[in-house]
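> what follows is a predicted protein model with its sequence.
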Amino acid sequence: MSALSSQSPLLFMIVGMTEPLYTAEFQRPGTTTSPTTLQYNHFLLHSSLDSVAALAWSTSAAYLRTVEKVNDRVVSAYLTPSHHKFLLLHGGRSEESVKSFFLEVHELFVKQLCSPFQGMESPIESKAFDDRLRALGRRYLS
């Protein structure tokens, strides 16, 4: 499997003001991702942050749609009112399923931030958050 295969895993990231707060990789059961592919996917997400920053000042929409396209990989973005960025690297999922995924994740994220044990810019390490987010990924992105 090449780094650009449509079978490549999906990568989701929540980015705070200065650094990533949460990362999740969605892949088919029984498959593994090579370190090179994983590094490439992270690079694509990080490189899209400049596009997200530029779009943040030109639109009032939270769902920024597709912000980057590289070969057969697409980066979709969502910007919260607190300027946290949700990034999803995928191989061309439907806009509606990606938007629904982001909306559900935003609700989950707000609930997580309401926890007295979670800081606004602290990494998210909650097992319950991870389990719920992965369930949303299976529901909307499978």
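Received, thanks. Residues are numbered from 1 along each chain as shown.
> verify the stated contact: Val70 with Phe43.
No. If you go by CB atoms under 8 Å, Val70 and Phe43 don't touch, sitting 9.6 Å apart. The way it works is simple: take the backbone N, C-alpha and C, and place the C-beta from them, glycine included.
> of these two, which one has the most company?
Ranked by neighbour count (other CB atoms under 10 Å), Val70 and Phe43 place Val70 first, with 14 against 11.
> all strands for this protein, in order.
10-15, 20-26, 63-70, 73-79, 85-90 (DSSP state E).
> distance to Glu107 added to those strands, as CSV?
CSV is the format used below for the strands of the chain (distance: least, CB to CB, whole Å):
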stretch, distance to Glu107
strand 10-15, 13
strand 20-26, 15
strand 63-70, 14
strand 73-79, 12
strand 85-90, 12
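> mind putting those into TSV with distance to Phe129 and mean pLDDT?
Output for these, formatted as TSV (distance: least, CB to CB, whole Å; pLDDT from 0 to 100):
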stretch	distance to Phe129	mean pLDDT
strand 10-15	10	96
strand 20-26	8	95
strand 63-70	21	94
strand 73-79	17	96
strand 85-90	13	97
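> returning to that earlier point: joint contacts of Val70 and Phe43?
Residues touching both Val70 and Phe43 (CB atoms under 8 Å, 6 or more residues apart in numbering): there are none.
> follow-up on the earlier one: quick one: closest of the strands of the chain to Arg132.
strand 20-26 (10.9 Å; CB to CB).
> for the closest one, which strands pair with it and how are they oriented?
strand 10-15 (antiparallel) (DSSP bridges).
> identify the residues contacting the partner strand?
Residues contacting strand 10-15 (CB under 8 Å, 6+ apart): 20-27, 41-42, 45, 49, 84-91, 93, 105, 109, 124, 133, 137, 141.
> next: stretch 17-27.
Here stretch 17-27 makes contact (CB under 8 Å, 6+ apart) with 9-15, 33, 38, 41-42, 83-84, 121-124, 129-130, 133-134, 137-138, 141.
> can you turn the buried part of the residues you listed into a PyMOL selection?
One line in PyMOL is enough to select the buried members of those, burial here meaning 16 or more other CB atoms under 10 Å:
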select buried, resi 9+10+11+12+13+14+15+33+38+41+42+84+124+129+133+137+141
